[in-house]
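Student: Sequence first, predicted model second:
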Amino acid sequence: MNQRRAIVIGSGVIGTACAYSLAKTGWAVTILEKGKFASQCSHGNCGFVCPSHVLPLATPGAIGTTLKAMLKWNSPFKIRPGFRFTLWRWLLDFAKRCNNKDMLESAPSIQVLLNTSRSLYDRLFQDEQIQCEWQKQGLMFVFRTPKVFEHYGEINHLLAEKFQAPARKLTRDELIQLEPALKPDIAGGWWYEHDAHLRPDLLMKEWRRVLTEKYGVKILENTEVKGFERKDKSAVSVQTTQGNIEGDTFVLAAGALTPFLNDRLGCRIPIQPGKGYSLTLNRPEKSPTIPLIFEEDRVAVTPMQTGYRVGSMMEFVGYNTTIPEKRLRYLQETASRYLHDPGTGPILETWFGWRPMTTDSRPLIGFAPALQNVLIAAGHNMLGLSMAPATGQLIAELANGQTPSIDTRPYDPKRFG
Ligand SMILES: Cc1cc2nc3c(=O)[nH]c(=O)nc-3n(C[C@H](O)[C@H](O)[C@H](O)COP(=O)(O)OP(=O)(O)OC[C@H]3O[C@@H](n4cnc5c(N)ncnc54)[C@H](O)[C@@H]3O)c2cc1C
């Protein structure tokens, strides 16, 4: 019997995870990538695999906090909708969801993807001997204002009570003893001990090696998909800049660019790019050992074995491709506010990425309503790295006609109409 052919569109961490799970279950997989393999949002992110991030972005009070932050000249948030109708619509829908009911509705379906992926990563690294600086030191939320530090206790209480995901509270002295790279001018920290981190570009390089060498996956770079050729209710091929490519099942994993391909899928894909930045340097001499989030300034620091990254920002400004100097300065200045040695050596890489943002913080995972052999795996927001293995597993189960191991209804692509 001929091997079934799966075509995966997009080579980010989501497309790669889907390709892996499909190839493992016997599919002949081809990945089509418009640029270079994994060179977009999955390249320079902060590398956190964080089951702690259970709550969606739309929480009660999120609008007020964001608006207040935006009044500051150097805010980590920026919204400039201009005449972009789709962005206005997105913002309105997001604002409607900033309430307790919607927050609690989204959180369990975020959590199950995070927890499942965390375990699947352990298995992946063991089975495939992937070396990507996988470290299990947890993730520390650091606070500089005593009031805000104590106030975070309410979120911790919610996470502990409803989601069994509490953090360990550390006083200022306990935190400095554990992480002497921090300056003394802090209030304390909340430590999520079960989170982990890795070096994203290394993960993608190693995963590519495994896909091609062990599972015979083909990767076609510089191959942009423009649309689907259909027969009745199925797609028979994709139209690409390199000609038509046939397949039996298609997986659309194009990250923040997914809406450009939704013409004939039969559903609205309201994904907006949430732009963020990072700086990568050599690891400073007095580097932190635990990944840190400076919660009040929304900046994250990732100590990798072979480097050190500072990342942040959430800008809703359309598909903008610039890296303004002042945004990079904000990252460095914030790091130096908290750390003795914020990394003063040469900057090895400056980077931006478009997070694929949905209004309910849930990804879209499931069949396209109008094409019965096209699966969508997109919209993983701020947590694509943390949700990738579970997404890949679900896509393979759906493609294989199995009952999915996680209830996929919360990720139904049809939910936006
Ligand atoms: C500053 C920053 C920090 C972050 N930190 C973390 C973190 O610590 N942990 C975490 O879990 N997440 C983090 N994220 C989020 C995470 O990076 C994303 O959720 C994730 O990378 C999205 O993966 P993806 O595969 O969907 O998209 P992408 O990585 O963008 O991949 C999509 C691919 O599809 C290709 N493509 C698009 N259209 C087409 C087409 N028509 N034809 C062919 N190819 C196409 C693109 O070129 C791209 O390569 C961070 C993001 C940012 C910006």
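Tutor: Cool, got the structure. Numbers count the residues shown, from 1 in each chain.
Student: quick one: D173 and V238, what's the gap?
Tutor: In this structure, D173 lies at 59 Å from V238, with Cβ to Cβ, to the nearest Å as the measure. Backbone N, C-alpha and C define where each C-beta goes, glycine included.
Student: neighbour-wise, which of these two wins?
Tutor: Per other Cβ atoms under 10 Å, whichever of D173 and V238 has more neighbours is V238, with 25 against 10.
Student: Now do the contacts for the residue in the stretch 151-300 of the chain that the ligand sits nearest to.
Tutor: Of all residues in the stretch 151-300 of the chain, G255 sits closest to the ligand, with a separation of 2.5 Å (Cβ to the nearest ligand atom). Residues in contact with G255, defined by Cβ atoms under 8 Å, 6 or more residues apart in numbering, are 10, 12, 14, 40-42, 354, 356, 378, 380, 384.
Student: Ok, Y319 next?
Tutor: Per Cβ under 8 Å, 6+ apart, neighbours of Y319: 256, 273, 354.
Student: So which of these sit within helices?
Tutor: Residues of the contacts of Y319 located in helices (DSSP state H): none.
Student: What subset of these is buried?
Tutor: Burial by neighbour count, judged by 16 or more other Cβ atoms under 10 Å, picks out 256, 273, 354 from the contacts of Y319.
Student: of the residues you listed, closest to F416?
Tutor: Closest approach to F416 among the buried ones among the contacts of Y319 (Cβ to Cβ): A256, at 15.7 Å.
Student: list the contacts for the closest residue in space to the closest one that isn't next to it in sequence?
Tutor: Setting aside the residues directly before and after it, A256 is nearest to W354 in space (Cβ to Cβ, 6 or more residues apart in numbering), at 3.8 Å. With contacts defined as Cβ under 8 Å, 6+ apart, the neighbours of W354 are 40-41, 255-257, 273-275, 319.
Student: redo that, cut-off 7 Å
Tutor: When the contact criterion is Cβ atoms under 7 Å, 6 or more residues apart in numbering, the partners of W354 are 41, 255-256, 273-275, 319.
Student: Run through the neighbouring helices and strands of the helix or strand of the chain with the lowest mean pLDDT.
Tutor: For the chain, using mean pLDDT, DSSP states H and E, the weakest element among its helices and strands is helix 62-70, scoring a mean of 76. On a contact count with 3 or more Cβ pairs under 7 Å, 6 or more residues apart in numbering; DSSP states H and E, helix 62-70 meets strand 77-79.
Student: check whether the strand it packs on contacts the ligand.
Tutor: No: using Cβ under 6 Å from any ligand atom, strand 77-79 stays clear of the ligand, with a minimum separation of 13.0 Å.
Student: Give me the contact list for that strand.
Tutor: Counting contacts by Cβ under 7 Å, 6+ apart, the residues outside strand 77-79 that touch it are 66, 69-70, 91, 314-317.
Student: Please convert the buried members of the residues you listed into ChimeraX selection syntax.
Tutor: The following ChimeraX line selects those of these that are buried, judged by 16+ other Cβ under 10 Å:
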select :66,69,91,314,315,316,317
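Student: Kindly reformat the contacts of strand 77-79 as TSV containing distance to the ligand.
Tutor: TSV is the format used below for the contacts of strand 77-79 (distance: Cβ to the nearest ligand atom, whole Å):
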residue	distance to the ligand
T66	17
A69	17
M70	18
L91	19
M314	8
E315	10
F316	13
V317	13
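Student: Out of the contacts of strand 77-79, which is nearest to V142?
Tutor: Relative to V142, and with distances defined as Cβ to Cβ, the nearest of those is A69, at 17.7 Å.
Student: separation between the closest one and E397?
Tutor: When distances are taken as Cβ to Cβ, A69 and E397 turn out to be 40 Å apart.
Student: Figure out how far stretch 383-394 is from the centre of its chain.
Tutor: Offset of stretch 383-394 from its chain centre (Cα atoms, centre = their mean, to the nearest Å): 9 Å.
Student: Take it, keep the C-alpha atoms, and write them as PDB.
Tutor: What follows is stretch 383-394, C-alpha atoms only, in PDB (Å, rounded to 0.1, in the frame of the first residue of the first chain):
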ATOM      1  CA  LEU A 383       3.100  29.800  24.400                       C
ATOM      2  CA  GLY A 384       3.800  28.000  21.100                       C
ATOM      3  CA  LEU A 385       7.000  26.500  22.300                       C
ATOM      4  CA  SER A 386       5.300  25.300  25.400                       C
ATOM      5  CA  MET A 387       2.300  23.800  23.600                       C
ATOM      6  CA  ALA A 388       4.000  22.300  20.500                       C
ATOM      7  CA  PRO A 389       4.400  18.600  21.300                       C
ATOM      8  CA  ALA A 390       0.800  18.200  22.500                       C
ATOM      9  CA  THR A 391      -0.500  20.000  19.400                       C
ATOM     10  CA  GLY A 392       1.600  17.700  17.200                       C
ATOM     11  CA  GLN A 393       0.200  14.700  18.900                       C
ATOM     12  CA  LEU A 394      -3.400  15.900  18.500                       C
END
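Student: residues from the stretch 251-400 of the chain in reach of the ligand?
Tutor: Where proximity means Cβ under 6 Å from any ligand atom, the interface of the stretch 251-400 of the chain facing the ligand comprises 253-257, 261, 276-278, 311, 353, 355-356, 378, 380-386.
Student: From those, list just the buried residues.
Tutor: When neighbours are counted using 16+ other Cβ under 10 Å, these contain these buried positions: 253-257, 261, 276-278, 311, 353, 355-356, 378, 380-386.
Student: quick one on the thing from earlier: and the contacts of the least confident helix or strand of the chain?
Tutor: Contacts to helix 62-70, defined as Cβ under 7 Å, 6+ apart, come from residues 75-79, 95, 98.
Student: How about stretch 189-206?
Tutor: 13, 16, 38, 42-45, 47-52, 118, 130-136, 138-143, 152, 156, 167-170, 175, 291, 302, 304, 306-307, 385.
Student: And the ligand, is that stretch touching that?
Tutor: No: no part of stretch 189-206 sits close enough to the ligand to count as contact by Cβ under 6 Å from any ligand atom; the gap is at least 7.3 Å.
Student: Can you give me the buried ones in that stretch?
Tutor: Within stretch 189-206, the residues that qualify as buried by neighbour count (16+ other Cβ under 10 Å) are 189-192, 195-204, 206.
Student: Filter the residues you listed down to the ones in strands?
Tutor: Mapping the buried residues of stretch 189-206 onto strands (DSSP state E) picks out 189-192, 196-197.
Student: wait, what's in contact with Y215?
Tutor: The contact partners of Y215, taken as Cβ under 7 Å, 6+ apart, are 23-24.
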